[in-house]
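> Quick one: sequence plus predicted model below, questions after.
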Amino acid sequence: MTKDLFDDASQASPEQERRAAYLRDLLTRYNREYYELDEPSVPDAEYDRLFRELQQLEQDYPELWHPDSPTQKVGGQALDAFTQVEHETPMLSLDNAFSEEEFNAFVKKITERLDSANDIAFCCEPKLDGAAVSLLYEKGVLVRAATRGDGQTGEDITANVRTIRNVPLQLVEDFPVRLEVRGEVFMPTHAFEQYNQKAAAAGEKTFANPRNAAAGSLRQLDSRITARRPLHFYAYSMGVVSEDSELAPTHFERLQQLQRWGLPISEEITVVEKATGCYTYYQDILQRRENLRYEIDGIVLKVNSIALQNDLGFVSRAPRWAIAWKFPAQEELTIIRGVDFQVGRTGAITPVARLEPVAVGGVTVSNATLHNADEIARLDIRIGDTVIIRRAGDVIPQVVQVVHERRPEHAELIVFPQHCPVCESHIERAEGEAVARCTGGLICAAQRREALKHFASRKAIDIDGLGDKLIEQLVERDWVKSPADLYRLRVRELAHLPRMGEKSAEKIVAAIGASKQTTLPRFLYALGIREVGEATAANLATHFSELSLIAEATLEQLEQVNDVGAIVASHIYQFFREPHNQQVIDELIELGIQWPAVEKLAESEATLSGNTYVLTGTLTQMTRDEAKQALQARGAKVSGSVSAKTTAVIAGDNAGSKLTKAEQLGVTILSEADLIDLLK
Ligand SMILES: NC(=O)c1ccc[n+]([C@@H]2O[C@H](COP(=O)([O-])OP(=O)(O)OC[C@H]3O[C@@H](n4cnc5c(N)ncnc54)[C@H](O)[C@@H]3O)[C@@H](O)[C@H]2O)c1
Ligand SMILES: [Zn+2]
């Protein structure tokens, strides 16, 4: 087939036409979500790719060009809820470079336009990731602040901006009569993380990233809300300035002028000669990106001479004299392929998403933590979902959001396992706790090392000479899988370990043998039941006096024990319901672990058994501790908080909130005299 020269190759195909229309619609929607709702549904990297694709189509096929195309526009519409502000000169966007080649192309273009011999000086600035604002000062006083809006019309956010601590309300020194300043409002990284933590704890909305946090906080209708958000401002250029003051001939010096008048500017701004200086600056800031106090998505390079800036001028949406050289994106799109459940050293089960590998922040990421079941529910993640992954600094990659519009039809729900993937023990999630845990503390390979260290420790079974290093060696060689295996170790085996002679091996085996003679509280503590410390172990021992009674106790019976609340009771209960744990205990006892019988309180002395008291206020005849001991000696439980289960509150002088609570719940209130009667 011969190619007809007049067959117009630059005609867009119907498919390309449809694609361009589709991209225009999609980007218009993304703009609305990003600029007007402060709630983007895709990461910037995805937006930028689609934007570039549309730009390319419009460039290749001029007939696809459209005045309403997002490529011709800046930002989004100003919201009607705010008073609108007409900008005296438009607030534009910036052209982007995503690589060194693209930056070189920018330099080449301006060098040609300026007819200059490649010796242009550039002002280099970090590209702050927040929201652009215009501040108007009249006679040195901040009279108006506005968002960029669509570049022509912005929103009046004066009341909100006045609450930002480092925005001066009054200028100083030789400021011009009228000055418009442009700059970025952003949320420093640390403040953003703190804010999100607090918001999550209070069940409030969190932000996906500092940029959304800043933009969302800035456009609050109630400035008291903005005041509570940790916002910050840096100026990066002048807008309209009255003629009474002489402006410097370079951009950098003008920033210095702004600083002299009291406006904060970033400490990272410098001037370099030629493009090579820009590379060095790019590398330097990229390397320090994680250590900056705020998030940046690249650097901005501006022709420093104002005269040259004026020669270069503007295109529709951006100046020709500046470029944003973007850093690798910290947020990317990828797909959740599956979820693995990992068991930590303390039995905590962590769901980890297996991802379609993706480059984020310059690193390939193929896993991201999902934290816990609540987080999975909060994000509403399913297997097969397209999600936004964020990797900033040294923090482990996070899934910030599901892109719901890209959910495939058969996306699978994530099912939290009931049994430990390592040891198959039951997984327990205590009420009110976010973390689910494997209950096979004594046998779970994932927890073995820590469980054994605890078992052998001084306050537990107390095996002299069995230190952490040795335990690690034993676990690594698989010689010891549970505490019972310790009692099966032989001198012959041990002596083979590095740096261990026959003598030391004998000593250790002897120490292990000696530990068989123990006490019930020590044994209970050594089992490593969650939240059962030494004191609780001792209370359990005196209350029940026999291990079998503890193992068989109901939740209600366990809650009768001093210092045992509903949560601890459930940990104890679950522990003994796990067959593996029971098996290890049986083995230990078979191997000769024993303890002297614990004296149980005689029936006749346990006059207050089954009762729970709360002590509050100041007693005169005895201290609160003495009262507590006396009550406990009679079999009563002394609790720290009042509930409907409380038998009575014993109120001394100046009793406070516990007394009020008792009154509210209708719990009996006793005086110190009543207490003395009880103890007779
Ligand atoms: N995720 C989405 O759905 C979505 C939608 C729309 C836009 N976006 C993102 O926004 C970008 C376009 O936004 P844009 O038009 O605000 O452009 P931009 O963010 O690429 O660059 C212009 C802006 O940079 C800011 N800036 C920061 N430091 C500066 C400095 N030192 N000097 C000058 N300006 C500085 C200013 O606010 C200025 O308005 C896109 O590239 C995309 O990444 C994302
Ligand atoms: Zn386990």
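Looks like it came in fine. Ligands and ions are numbered 1, 2, ... in the order given.

> Kindly provide the distance from residue 132 to ligand 2.
Taking C-beta to the ion, to the nearest Å as the measure, residue 132 falls 52 Å from ligand 2. (C-beta placed from N, C-alpha, C; glycine too.)

> Could you do residue 78 as well?
On the measure of C-beta to the ion, residue 78 and ligand 2 end up 57 Å apart.

> same question, residue 537
Distance from residue 537 to ligand 2, by C-beta to the ion: 22 Å.

> Output the helix or strand encompassing that residue as PDB - backbone C-alpha positions only.
For residue 537, the element it lies in under DSSP states H and E is helix 534-544. The C-alpha atoms that make up helix 534-544 are tabulated as PDB, following Å, rounded to 0.1, in the frame of the first residue of the first chain:
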ATOM      1  CA  GLU A 534       3.400 -10.300  89.300                       C
ATOM      2  CA  ALA A 535       0.800  -8.600  91.500                       C
ATOM      3  CA  THR A 536      -2.100 -10.100  89.600                       C
ATOM      4  CA  ALA A 537      -0.500 -13.500  89.600                       C
ATOM      5  CA  ALA A 538      -0.100 -13.300  93.400                       C
ATOM      6  CA  ASN A 539      -3.800 -12.200  93.700                       C
ATOM      7  CA  LEU A 540      -4.900 -15.100  91.600                       C
ATOM      8  CA  ALA A 541      -2.900 -17.500  93.700                       C
ATOM      9  CA  THR A 542      -4.300 -16.400  97.000                       C
ATOM     10  CA  HIS A 543      -7.800 -16.100  95.700                       C
ATOM     11  CA  PHE A 544      -8.000 -19.600  94.200                       C
END
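
> what's the helix or strand following that helix packed up against?
The helix or strand immediately downstream of helix 534-544 is helix 547-552, counting by DSSP H and E. Packing partners of helix 547-552 (3 or more C-beta pairs under 8 Å, 6 or more residues apart in numbering; DSSP states H and E): helix 520-526, helix 566-577, helix 579-590.

> Tell me how far helix 547-552 lies from the chain's centre.
42 Å (C-alpha atoms, centre = their mean, to the nearest Å).

> and residue 499, what element?
Going by DSSP H and E, residue 499 is not in any helix or strand.

> Tell me how many other residues crowd it.
Neighbourhood size, residue 499 [other C-beta atoms under 10 Å]: 8.

> With residue 291 instead?
Residue 291, neighbours per other C-beta under 10 Å, totals 7.

> again with residue 71
19.

> Can we start the residue count at 328 from this point?
Sounds good: first residue 328 from here, last item residue 398.

> Out of the helices and strands packed on helix 874-879, which is closest to residue 518?
helix 893-904 (33.4 Å; C-beta to C-beta).

> Only C-alpha atoms, please: export that closest one in CSV.
What follows is the C-alpha trace of helix 893-904 in CSV, where atoms were taken according to Å, rounded to 0.1, in the frame of the first residue of the first chain:
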residue,chain,number,x,y,z
ALA,A,893,-13.2,-7.6,82.6
ILE,A,894,-10.3,-7.4,80.1
VAL,A,895,-7.7,-9.2,82.2
ALA,A,896,-10.3,-11.8,83.2
SER,A,897,-10.9,-12.4,79.5
HIS,A,898,-7.2,-12.8,78.8
ILE,A,899,-6.9,-15.4,81.6
TYR,A,900,-10.0,-17.2,80.5
GLN,A,901,-8.9,-17.4,76.9
PHE,A,902,-5.4,-18.5,77.8
PHE,A,903,-6.6,-21.6,79.7
ARG,A,904,-9.2,-22.4,76.9
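
> Now it: buried residues?
Across helix 893-904, burial judged by 16 or more other C-beta atoms under 10 Å covers 895, 896, 897, 898, 899, 900, 901, 902, 903.

> does the fourth one really touch residue 860, like I thought?
Looking back up the chat, that one is residue 898. No - the criterion here is C-beta atoms under 8 Å, and residue 898 misses it with residue 860 at 11.6 Å.

> picking up where we left off before, elements contacting the helix holding residue 864?
Packing partners of helix 861-871 (3+ C-beta pairs under 8 Å, 6+ apart): helix 847-853.

> contact partners of the helix it packs on?
Defining contact as C-beta atoms under 8 Å, 6 or more residues apart in numbering, one finds that helix 847-853 is touched by 781-782, 784, 786-789, 810, 845, 859-861, 864-865, 867-868, 872, 874, 877, 920, 922, 925.

> try it again with 6 Å
For helix 847-853, contacts defined as C-beta atoms under 6 Å, 6 or more residues apart in numbering pick out 782, 787, 788, 861, 864, 865, 867, 868, 922, 925.

> what about that helix, average pLDDT?
Computed over helix 847-853, the mean pLDDT rounds to 96.

> Distance check, residue 778 against ligand 1.
Distance of residue 778 to ligand 1, given as C-beta to the nearest ligand atom, to the nearest Å: 47 Å.

> For that residue, give me the backbone phi and psi.
The phi/psi pair for residue 778 (degrees, to the nearest 10) reads phi -60, psi -40.

> which residues touch it?
768, 769, 855.

> follow-up on the earlier one: buried subset of the contacts of helix 847-853, written for PyMOL?
Remark: buried members of these, expressed as a PyMOL selection using 16+ other C-beta under 10 Å:
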select buried, resi 782+787+788+864+865+867+868+922+925
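
> Please dump the contacts of helix 847-853 into a markdown table; it should also carry pLDDT for every row.
What follows is those, written out as a markdown table (pLDDT from 0 to 100):
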| residue | pLDDT |
| --- | --- |
| 782 | 95 |
| 787 | 95 |
| 788 | 95 |
| 861 | 90 |
| 864 | 94 |
| 865 | 91 |
| 867 | 94 |
| 868 | 94 |
| 922 | 95 |
| 925 | 85 |
